[in-house]
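> Give me a model of this one.
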Amino acid sequence: MRVWNDATALVLYRAAITAAVSGTFVLSQTLAQFFIAGAVGIVIGIAVGALTRWALCFTNETSTNIGVTLLAPYAAWVIAEAVHASGVLACVVGGIYLRQYFSAVAPATRLQARAVWGFVVFLLNSILFILLGLQLGSLRSAIQSYGLVNSSGMAQL
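Residues are numbered from 1 along each chain as shown. Okay, here's the model as predicted:
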């Protein structure tokens with residue numbers, strides 16, 4: 001459910017930006033955009049997953065297989081964003097599709113790929129927390145200038 005929430009947030013953010021720039025908001029158009037972005041993201045994820053599976057079937061080298069699995073989510077995201085679809089859903093659906101067929105890859109490749117992906121997740125989490133930490137200075141100054149009660153109220157909005 002978390003993935004759908006992320007996709008919802010991204011579509012609503014685009015709708016809010018469009019409404020702020022144009023000065024108009026059409027609910028039916030936003031709902032249609034939401035469902036189209038989700039559906040197209042899912043289709044792109046399945047297509048990229050199938051293409052990745054096909055590529056993995058033709059390679060026997062561990063490094064190449066791992067490189068393909070690292071490139072696939074990026075490709076799904078870029079393609080989905082290029083057509084204004086949900087990149088989050090494209091990546092996740094592609095990963096789920098590929099995971100069903102990953103047993104066709106050699107066990108040694110799976111072990112090495114798990115280690116590589118574990119490192120990538122660790123690295124991305126580290127970068128995320130560093131970026132969050134960099135925002136603490138501006139957050140502290142905002143709390144001092146607006147007060148704790150006003151800042152808490154704005155945060156809840």
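
> Would you mind listing where the protein has pLDDT under the threshold?
The chain contains residues with pLDDT under 70 at 1-7, 104, 142-143, 146-157.

> where do the strands sit along it?
Counting by DSSP state E, the chain has no strands to list.

> how close does Gly137 get to Gln144?
Distance of Gly137 to Gln144, given as C-beta to C-beta, to the nearest Å: 11 Å. The C-beta positions use only the backbone N, C-alpha and C, and glycine is treated the same way.

> quick one: the helices in the protein?
2-22, 27-57, 62-82, 87-100, 107-134, 136-146, 148-156 (DSSP state H).

> looking at those helices, which is buried most?
Mean neighbour count (mean count of other C-beta atoms under 10 Å) peaks for helix 87-100 among the helices of the chain, with a mean of 21.

> Would you mind writing the CA trace of it as CSV?
Presented in CSV, the C-alpha positions along helix 87-100 are these (Å, rounded to 0.1, in the frame of the first residue of the first chain):
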residue,chain,number,x,y,z
GLY,A,87,7.8,5.9,-12.0
VAL,A,88,7.3,4.4,-8.5
LEU,A,89,4.8,1.9,-9.7
ALA,A,90,6.9,1.2,-12.8
CYS,A,91,9.9,0.3,-10.7
VAL,A,92,8.1,-1.8,-8.2
VAL,A,93,5.9,-3.7,-10.7
GLY,A,94,9.0,-4.4,-12.8
GLY,A,95,10.9,-5.7,-9.8
ILE,A,96,8.0,-7.9,-8.7
TYR,A,97,7.7,-9.3,-12.3
LEU,A,98,11.4,-9.9,-12.5
ARG,A,99,11.5,-11.5,-9.0
GLN,A,100,9.2,-14.2,-10.1
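
> on contacts alone, who are the packing partners of it?
helix 2-22, helix 27-57, helix 62-82 (3 or more C-beta pairs under 8 Å, 6 or more residues apart in numbering; DSSP states H and E).

> between those helices, which one is nearest to Val93?
helix 27-57 (3.0 Å; C-beta to C-beta).

> and the angle for the closest one with helix 87-100?
30 degrees (axes from the mean of the first three to the mean of the last three C-alpha atoms, to 10 degrees).

> What is the distance between helix 27-57 and the centre of its chain?
12 Å (C-alpha atoms, centre = their mean, to the nearest Å).

> the inter-axis angle of it versus helix 62-82?
160 degrees.

> Point out the other helices and strands that helix 27-57 packs with.
helix 2-22, helix 62-82, helix 87-100.

> among the ones you listed, which is nearest Gly49?
Of those, the one closest to Gly49 (C-beta to C-beta) turns out to be helix 87-100, at 3.2 Å.
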